[in-house]
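Participant: give me a model of this one.
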Amino acid sequence: MESHPDVLVIGGGATGTGIARDLALRGVDVTLVERDGLAAGTSGRSHGLLHSGARYAEADGPEARECLEENRILRAIAGACIRDTRGLFVQLADDDPAYFDAKRAACDDVGIPTDVIDGATAREAVPTLTGDVERAMWVPDGVVAPSRLVAANAVDAREHGAHIRTHAPVTSMTVERGRVTSVTLGGDADETIHPRYVVNAAGPHAGHVAELAGVTVAMRPTRGVMVSVDYEGLEPVLNRCREPDDGDIIVPHDGQVVLGTTSVPVDDPDDYERADWELERTIDECAAMLPPVADAEHVRTWWGVRPLYEPEEAAHGGRGISRGFHLLDHAGEGVENCCSIVGGKLTTYRVMAEATADLVCDRLGVDADCRTAETELPGASDPERLDAFVEEFDGQGPTDADIVDSS
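Facilitator: Numbering: from 1, shown residues only. The predicted structure is shown next:
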């Protein structure tokens with residue numbers, strides 16, 4: 001079997017499905033392929049935090065502004081994919097008060113709404129918060145159900161003419177005279193695609209996909225553990241107000257909370273150690289904010305792998321940097337019809353897709369504007385319909401397994 005779409009998108013996470021949606025809404029003939037079910041990689045294995053930008057405000061103002069803007073857009077278009085919880089950055093007794101002050105000032109500069117409260121008021125809002133809290137700061141964080149978000153993007157892409165192929169791994173590419181001329185799929189697909197343009201949105205596997213096209217995308221993936229425990233009644237996302245470190249985020253779900261996370265380099269995003277110390281450290285550190293989680297019953301544990309871009313990691317080092325996205329046009333490496341999109345975060349998937357679609361449309365001579373920021377996702381107001389989308393695309397990830405009913 002053969003097909004000849006304008007664009008082939010490789011990768012069925014939030015960014016890949018977002019790109020397929022954006023291009024389809026612009027009238028481009030697009031096929032998306034994913035080696036597993038949708039959201040099988042980074043998107044579906046995150047902690048599910050909808051960033052307000054506050055986490056990055058003092059490190060990277062432009063990135064924080066982008067998070068804030070995308071946060072607002074997703075609240076408008078994504079409906080039941082999003083839960084509006086707010087977020088609370090908490091300063092404990094051992095935390096540097098100067099860091100809290102710097103973050104608050106940076107949020108003000110960026111335009112992120114904040115409300116600083118004392119420790120007693122914070123404990124009124126979250127009665128089980130540690131007695132060591134000195135002060136706290138409200139920010140407009142939230143929670144994402146990534147399985148729903150990814151599936152809804154795929155459905156909108158399909159409704160506008162895109163083809164979505166799951167369980168269709170890319171096995172080889174042919175490059176002739178500086179262009180990808182064919183891409184062979186395995187798995188359930190057994191198909192050869194002849195695209196005019198190829199987008200590599202394969203997350204931590206982007207380096208491997210790039211190699212198939214004879215180009216280079218240097219990745220430095222890191223793993224992080226998440227553990228969900230039984231816990232009733234937490235409303236806001238809790239963020240430890242210190243330099244980013246292990247176990248500094250607690251994300252509320254209905255009847256559970258997700259504790260995260262660690263950051264450990266991995267060589268192979270498919271084959272890596274899942275160390276007990278990461279789980280133990282994450283629980284211990286999160287319990288410093290919310291002590292009852294130390295003894296709460298474990299429901300499920302999972303690791304995710306971040307698709308970090310090696311040159312940025314090498315230039316800045318450490319965990320505290322703001323991790324923006326990188327759009328790589330491989331024309332400079334001699335492959336005219338191929339680009340890769342790496343880095344970023346779930347909150348900014350839509351703007352990553354927009355930037356990629358802008359580049360692709362420029363290369364294809366398509367004159368059409370992005371419409372994704374103003375167009376509501378299918379099923380946004382209907383959780384049952386969203387969950388049916390997840391089931392259809394085999395898109396259930398562990399992040400929101402307690403939220404999505406795909407039975």
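Participant: got the phi/psi numbers for residue 328?
Facilitator: Dihedral pair for residue 328: phi -110, psi 120, per degrees, to the nearest 10.
Participant: can you give me the helices in the stretch 51-200 of the chain?
Facilitator: 61-77, 97-110, 119-125, 146-159 (DSSP state H, counting those that start in this stretch).
Participant: residues contacting the closest residue to residue 19 other than its chain neighbours?
Facilitator: Distances taken as C-beta to C-beta, 6 or more residues apart in numbering place residue 353 nearest to residue 19, at 4.4 Å, with adjacent residues excluded. Just so you know, the C-beta spots here come from the backbone N, C-alpha and C atoms, and that holds for glycine as well. Contacts were defined as C-beta atoms under 8 Å, 6 or more residues apart in numbering; by that measure residue 353 touches 15, 18-19, 21-22, 372.
Participant: with residue 202 instead?
Facilitator: Here residue 202 is in contact with 10-11, 16, 41, 208-209 (C-beta under 8 Å, 6+ apart).
Participant: restricted to helices, list the residues you listed.
Facilitator: Among the contacts of residue 202, the members found in helices (DSSP state H) are 16, 208-209.
Participant: can I get those residues in a markdown table with neighbour count?
Facilitator: Formatted as a markdown table, the ones in helices among the contacts of residue 202 follow (neighbours: other C-beta atoms under 10 Å):
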| residue | neighbour count |
| --- | --- |
| 16 | 34 |
| 208 | 16 |
| 209 | 23 |
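Participant: and of those, the nearest to residue 107?
Facilitator: residue 16 (31.3 Å; C-beta to C-beta).
Participant: quick check, pLDDT for the closest one.
Facilitator: Looking at residue 16, its pLDDT is 98.
Participant: what distance do you get for the nearest residue to it once chain neighbours are set aside to residue 14?
Facilitator: Once flanking residues are discounted, residue 16 sits nearest to residue 201: 3.8 Å by C-beta to C-beta, 6+ apart. Remark: distance between residue 201 and residue 14 (C-beta to C-beta, to the nearest Å) = 9 Å.
Participant: so where's this structure uncertain?
Facilitator: Low-confidence segments of the chain, defined by pLDDT under 70: 313-323, 406-407.
Participant: can you rerun that using 90?
Facilitator: Along the chain, segments meeting pLDDT under 90 span 1, 188-190, 254, 310-324, 405-407.
Participant: residue farthest from the centroid of it?
Facilitator: The centre of the chain is farthest from one residue, residue 177, which by C-alpha atoms, centre = their mean lies 35.2 Å away.
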